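A.B. asks: predicted coordinates and the sequence they were generated for:
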Amino acid sequence: MRPTTYQLLLLCSSLWHHGAALSVPDGQQQPLVHPSVPPNRNDADDAHDAHDAHDPPSYRAELLNLHKQLVDVPSISGSEGPVAALLDQILRSHGYTVKLQCLAQQPQDGQPPRCNVVAWPGPNTNGSLDNHVLVTSHIDVVPPYIPYRLNGTAVGHIDMRAITPDTRITGRGTVDAKASVAAQIIATSGEGMKSFSTSLSNTTTNPRPRLRAAIFGEPTDNRLACGHKGIATVTLRAAGRAGHSGYPARGVSATALLVRALGRILDADLGRSARFGNTTVNVGWVGGGVAANVIAAQASARAAIRVAVGDVRTGAGMVEGRLREVLAGVEVGEGGLELVMEAGYGPVECKCDVDGFDTMVANYGTDVPNLEGDHVSYLYGPGSILVAHGDDEGLRVRDLEDAVEGYKKLIKHALEG
């Protein structure tokens, strides 16, 4: 009987789609449709300070320079090609075997192709694809591009002599999620991690690995997430009858109908659970009518719903059913309401009973439900989601360094579990 080996894979992704299955050879992925308060100090921070005062981690310079390289390259969603090309180069220089999975439909402006970057330590040899541990994060960021800064100052070169654990790094992607990408690469680059990586099957057969575990990098303040809420996007359309605003009884106001319906939805109990709390609604866009003095014939709104009930497969449907019950109680008269619910998913559970980690539950969505399989999922990463899309996106040096150690612990746990 051939002994089992555990393979370590690194995936830097911008192209996950719902129901994706990891394929090491060339593949096509579709785009994923998906207050500033620094983390509180704790005993771990004090321990980090005591250690760092005498002996900063040996990888500090490599980690910070890698992080800066990634942040310096703009990669707003849809234009991730240049940072994927950079990662290809960096990972090869670290001794990884690298495979690019590029989207068939490519940018028309001469930009590098949009690709997932799949890498594994060491050479490609024949062996089993089973029992892989996947370490993954995303390389796309939200607009706009914000340059890299240290303590508010633009720098071309990092002077390591000036770096302390509390040095603050800001810029677009410094948290979400290039911090995770950099920490994961450093965590998987050591000889101890490479020793786990002894086999990879022939990539010409387009195999589908049976993952043992997947570690997803997202901002969790270096706490291990026990899961996150699901999400569903809905469009609510109201139909009325146009008329002169001076004679409201002669028409039917679609905007008035829409406002009443939205009020009912916002006041409704759409379900809750002990782990994930309440299902919440954010009405992010509202529009309708043609002029202030015309009774609106059409109006619509779009909302994002964070689903806290059911499971990943049933939660969105449960919320849709409740929404339709709520709307059935809205008096429409001669008007009409139409609810269109886009594909969504319910709450996602992740493994979080690992010694040495504080835990949390996230309200945002991730790529966790987009990867099919019976693997164990972990969700962890540096930085706070509360600053991730803001003008002040940033984190401390200690957060990056703690994440490297956290990823090492998680990888070891996943490999030995």
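C.D. replies: Arrived safely. All of these numbers come straight from a predicted model, not from anything done at the bench.
A.B. asks: all helices for this protein, in order.
C.D. replies: Secondary structure of the chain (DSSP state H): helices at 43-52, 60-72, 81-93, 178-189, 191-194, 254-267, 315-328, 397-416.
A.B. asks: and the ones you listed as a markdown table, adding distance to Arg212, mean pLDDT and mean neighbour count?
C.D. replies: Placement of C-beta: from N, CA and C, glycine included. A markdown table is the format used below for those (distance: least, CB to CB, whole Å; pLDDT from 0 to 100; neighbours: other CB atoms under 10 Å):
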| stretch | distance to Arg212 | mean pLDDT | mean neighbour count |
| --- | --- | --- | --- |
| helix 43-52 | 28 | 49 | 14 |
| helix 60-72 | 26 | 98 | 20 |
| helix 81-93 | 21 | 94 | 18 |
| helix 178-189 | 15 | 95 | 27 |
| helix 191-194 | 15 | 40 | 14 |
| helix 254-267 | 42 | 98 | 18 |
| helix 315-328 | 26 | 98 | 18 |
| helix 397-416 | 7 | 96 | 21 |
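A.B. asks: my guess is Asp176 contacts Ser384, does it?
C.D. replies: No - at 9.5 Å, Asp176 and Ser384 do not qualify as touching, with contact defined as CB atoms under 8 Å.
A.B. asks: thinking again about what came up before, figure out which of the helices of the chain is closest to Gln105.
C.D. replies: The closest of those to Gln105 is helix 81-93. By CB to CB, the value is 12.5 Å.
A.B. asks: all strands of the stretch 301-417 of the chain, in order?
C.D. replies: 336-341, 348-349, 359-362, 376-380, 394-396 (DSSP state E, counting those that start in this stretch).
A.B. asks: meant to ask about the stretch 51-200 of the chain, not that
C.D. replies: Under DSSP E, counting those that start in this stretch, the stretch 51-200 of the chain gives strands at 96-102, 115-121, 132-138, 149-150, 153-154, 168-170.
A.B. asks: can you tell me the strand partners of the last one and which way each runs?
C.D. replies: Here strand 168-170 is paired, per DSSP bridges, with strand 149-150 (antiparallel), strand 394-396 (antiparallel).
A.B. asks: ok, now the second one?
C.D. replies: Its sheet considered, strand 115-121 pairs with strand 7-13 (antiparallel), strand 96-102 (antiparallel) by DSSP bridges.
A.B. asks: tell me the angle of it relative to strand 132-138?
C.D. replies: Between the axes of strand 115-121 and strand 132-138, defined by axes from the mean of the first three to the mean of the last three CA atoms, to 10 degrees, the angle is 140 degrees.
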